[in-house]
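Asker: quick one, what's the 3D model for this:
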Amino acid sequence: MYQLEDKTYFIYFIAIAILLFAFVLVLFWKRRKQKAFADSDLLEKLSPEASPFKSVLKVLTIAFALSFLILALVNPKMGTKLKTIKREGVDIVFALDVSKSMLAEDIAPNRLEKAKQIISKIINKLGSDRVGIIIYAGNAYPLLPITTDQAAAKMFLQNADPDMVSSQGTAINEALKLAKSYYDDEEQTNRYLFIVSDGEDHEENVSYVTEEATKEGIKIFTIGIGKPEGGPIPLKRNGTLIGYKKDRKGEVVITQLNDKTLQKIANDGNGKYLLGNNTTKTVEYIDELLLKADKKEFETKQFSDFKDQFQWFIGLGILFLVFDTLMLNKKTKWIQKLNLFNEQKKN
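Answerer: Predicted coordinates:
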């Protein structure tokens, strides 16, 4: 197993590509000028020791030297052994509403981005907890299975949008059923489900599914995003506003925060309803909630004892630079005798 400490240095390989491209251009230019000056036999007599192959070899040597030095800056690290790490945490699943109503901009920048912001900040405060993400609208889909990789959770979260769900609506029942399958550790007694939504168009008959979830030890918290007075749903093309969603009568649809449904789901799920318009207060409450929760100990395996390997690449880079310094532009006698590159004089 390996790690790359700083991948940003890979951009320097562009400079090497430019160097090689410039060399090829200069090489063709020189060849053309030489042919215009004299034929190949005369050039051979004028500069019998000149080796066209050596110039190519020298620039390739410099390119290899620079490549190894760039890799040294990236600093690859090798994991030398696999360790079993004991960790403590709870299982947390986020069910994110990605229906079109979440694009309303009554909460800046819009409801969906506010929801992502809240979830991302909660993940930042997690310790060794496991986290999973579900997205739902007309259907529910697993965005990320439950995992300890919180960086991956944040990355997947940023890609969540309404286009990822094939049909519109708010299938909260499907999201609840899917969430139940996420908790794969039967010994985990602390299971939290956070539903982040505006409550718009939620199904009314969710009590049965909520009851089934609570029987399995899942505590359901709901986070409402939006304002009671609501706002229109913008329609955009390539980031440019082209209008607002309208109903069949041609009137602009106003989507409002439906906190009553969200409150009922939270009450039935042994949790609490939170108004998420204030990001700081919402994140602080959930952080305190999870800190007080009993943590279950579990084991994970991961590579450890990562050791720096940059010194090998520095050594190879210096070796190629020394080789380039010692290499002369004129023909090498013993290679000339082998005539590998057709460098012998013609009789």
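Asker: now do the contacts for the closest residue in space to Ile225 that isn't next to it in sequence.
Answerer: With CB to CB, 6 or more residues apart in numbering as the criterion, Ile225 has its nearest non-adjacent residue at 4.5 Å, and that residue is Arg111. To be clear about C-beta, it is placed using only N, CA and C from the backbone, and glycine gets the same treatment. Going by CB atoms under 8 Å, 6 or more residues apart in numbering, Arg111 touches Ser101, Met102, Leu103, Ala104, Glu105, Asp198, Ile225, Gly226.
Asker: quick check: phi and psi on Arg111?
Answerer: phi -60, psi -40 (degrees, to the nearest 10).
Asker: distance of it from Asn258?
Answerer: Per CB to CB, to the nearest Å, Arg111 is found 12 Å from Asn258.
Asker: any common contacting residues for the two?
Answerer: With CB under 8 Å, 6+ apart as the test, Arg111 and Asn258 both reach Asp198.
Asker: I'd assumed Ile135 was in a helix, is it?
Answerer: No. Ile135 is assigned strand when assessed by DSSP: H, G, I helix; E, B strand; the rest coil, not a helix.
Asker: show me what contacts the residue nearest in space to the middle of the chain?
Answerer: With distances taken as CA atoms, centre = their mean, Met155 lies nearest the centre of the chain, 4.4 Å away. Residues near Met155 by CB under 8 Å, 6+ apart: none.
Asker: buried residues of the helix or strand encompassing it, list them for me.
Answerer: Using DSSP states H and E, Met155 maps to helix 150-158. By 16 or more other CB atoms under 10 Å, the buried positions in helix 150-158 come out as Gln150, Ala153, Lys154, Phe156, Leu157.
Asker: same check, this time on stretch 16-26
Answerer: So, applying 16+ other CB under 10 Å, buried residues of stretch 16-26: Ile16, Phe23.
Asker: hmm, who's touching the helix ranked longest in the chain?
Answerer: Assignment by DSSP state H gives helix 13-37 as the longest helix of the chain. For helix 13-37, contacts defined as CB under 8 Å, 6+ apart pick out Leu43, Ser55, Val56, Val59, Ile62, Ala63, Leu66, Ser67, Ile70.
Asker: how about 7 Å then?
Answerer: Leu43, Val59, Ala63, Leu66, Ser67, Ile70 (CB atoms under 7 Å, 6 or more residues apart in numbering).
Asker: how about the nearest residue to the fifth one, chain neighbours excluded?
Answerer: Right, the one you point to is Ser67. Using CB to CB, 6+ apart, the nearest residue to Ser67 is Ile16, at 6.2 Å.
Asker: with Ile62 instead?
Answerer: Asp324 (5.6 Å).
Asker: in PyMOL, how would I select the buried members of the contacts of helix 13-37?
Answerer: PyMOL command restricting those to the buried ones, with burial defined by 16+ other CB under 10 Å:
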select buried, resi 59+63+66+67+70
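Asker: tell me which of the contacts of helix 13-37 fall in strands.
Answerer: Among the contacts of helix 13-37, none falls in strands (DSSP state E).
Asker: name the nearest of the contacts of helix 13-37 relative to Lys246.
Answerer: Nearest to Lys246 among the contacts of helix 13-37: Ile70, at 55.5 Å, using CB to CB.
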